[in-house]
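In: With the sequence up front, the predicted model follows.
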Amino acid sequence: MKELIAVPVERKQKNVSALPYHGWVGPCNQVSLLYEGFGLEDASNYDSVKSFTQLMWPDGHPRFCNTLHTMTTQIEELNKLIWLMIFDSYGLGEKWESVMINYKSLVRFMKYMAPPPGEYEKGLFAHTDKPVSTIICDDQVSGLEIEVNGQWIKLSLSPSSFCFVVGDPLKAWSNGRLKAVNHRVIMSGEKDRFSIATFAIPVEGTIIKAPKELIDEQHPQLFKDFDFMDFFLFAFSKPAKHIDSGEQLQAFASLSPPISD
Ligand SMILES: O=C(O)CCC(=O)C(=O)O
Ligand SMILES: [Fe+2]
């Protein structure tokens, strides 16, 4: 990752995408002055990894390319395994093929700079994830926090462990059974933090809908069926900027008025 951060900014700026949050974002006020992130779309596809490394390094950095491809295919497998465990836990294991969401992995490589000495500063604002789910790994420099009952809890990931984050679409898919946790990154201490997040981005035209088995009289349908990309683009649109990240799904797809906890 340090090699990626060391790439000249003119080349980093070539890491662009038509989709929000899919390309390079340098330190800025909208996100954070401590934050820098790269985006790699369709990350388990070798050609796509190769195009990325060729964009970053004139020689394409074959060692980086191969290691990255191995990592992304394995994380994608891990994500699928977790989804299958979720399906199974709702008695849908046998039907996994009909409830599976086809997706591509978007990998984001992130660096959060250490704040000035003694300071406690935002690295990434509080949000719920807009992709279906996310797998995060970091370099054990803490910073990731989750909100539980109004309290922020710092997570310390142990070496070689991963954090699975439920995104808003998975909450909708599960008819509200799974919660999309509000999370943020707060930096303190002297060390920079490096993290890699792998997001599940459904393929074009995917409709997010709760399986009929998860809807009944006791569990009425909470969200209308929606096209993933419509929701994703809505979440990054101007009107949605005024809506709390955790409320965007409700605002976009709710079938009932909000229920307070
Ligand atoms: O860097 C992290 O640990 C979290 C990143 C994150 O939440 C995100 O990119 O959505
Ligand atoms: Fe996130």
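Out: That came in fine, so what should we check first? Note that this is a predicted model, so its numbers are computed, not measured. Residues are numbered from 1 along each chain as shown. Ligands and ions are numbered 1, 2, ... in the order given.

In: OK, contacts around residue 185?
Out: 35, 112, 122-124, 143-145, 193 (CB atoms under 8 Å, 6 or more residues apart in numbering). (C-beta placed from N, C-alpha, C; glycine too.)

In: What does the pLDDT read for it?
Out: Looking at residue 185, its pLDDT is 97.

In: Next, find the distance separating it from residue 192.
Out: 12 Å (CB to CB, to the nearest Å).

In: and what of residue 3?
Out: Residue 3 is 14 Å from residue 192, by CB to CB.

In: go on, residue 161?
Out: Distance from residue 161 to residue 192, by CB to CB: 20 Å.

In: Please identify which of residue 3 and residue 192 sits among more neighbours.
Out: residue 192 (19 against 11; other CB atoms under 10 Å).

In: For the residue in the chain that ligand 1 sits nearest to, which residues are in contact?
Out: The minimum distance from the chain to ligand 1, using CB to the nearest ligand atom, falls at residue 195 (3.6 Å). Contact analysis of residue 195 by CB under 8 Å, 6+ apart lists 109-110, 112, 136-139, 143-144.

In: From these, keep the buried residues only.
Out: 109-110, 112, 136-138, 143-144 (16 or more other CB atoms under 10 Å).

In: Which members of those are positioned in strands?
Out: In strands, defined here by DSSP state E, the members of these are 109-110, 112, 136-138, 144.

In: Please list which of these also come close to ligand 1.
Out: Among these, proximity to ligand 1 is found for 110, 136, 138, 144 (CB under 6 Å from any ligand atom).

In: check contacts around the closest residue in space to the first one that isn't next to it in sequence.
Out: The shortest distance from residue 110 to any non-neighbouring residue, by CB to CB, 6 or more residues apart in numbering, is to residue 37 (4.5 Å). Residue 37 is in contact with 24-25, 31, 108-111, counting by CB under 8 Å, 6+ apart.

In: Then residue 37 would be within a helix, right?
Out: No: the assignment for residue 37, made by DSSP: H, G, I helix; E, B strand; the rest coil, is strand rather than a helix.

In: Specify the beta-bridge partners of it.
Out: residue 25, residue 110 (DSSP bridges).

In: related to what we said a few turns ago, so the residue of the chain closest to ligand 1, which of the three states?
Out: strand.

In: partners of it in the sheet?
Out: Beta-bridge partners, per DSSP bridges, of residue 195: residue 110, residue 138.

In: all helices in this structure, in order from the N-terminus.
Out: 2-5, 9-12, 46-56, 62-89, 96-99, 168-173, 228-235, 248-253 (DSSP state H).

In: Tell me the helices and strands packed up against the fifth one.
Out: Meaning helix 96-99. helix 62-89 (3 or more CB pairs under 8 Å, 6 or more residues apart in numbering; DSSP states H and E).

In: Which strands or helices does the helix it packs on pack on?
Out: Looks like helix 62-89 contacts helix 46-56, helix 96-99, strand 103-112, strand 133-138, strand 193-202 (3+ CB pairs under 8 Å, 6+ apart).

In: tilt between the fourth one and helix 62-89?
Out: Spelled out, it's strand 133-138. 130 degrees (axes from the mean of the first three to the mean of the last three CA atoms, to 10 degrees).

In: which residues sit against strand 133-138?
Out: Under CB under 8 Å, 6+ apart, the answer for strand 133-138 is 75, 78-79, 82-83, 144, 157, 161-167, 170, 193-200.
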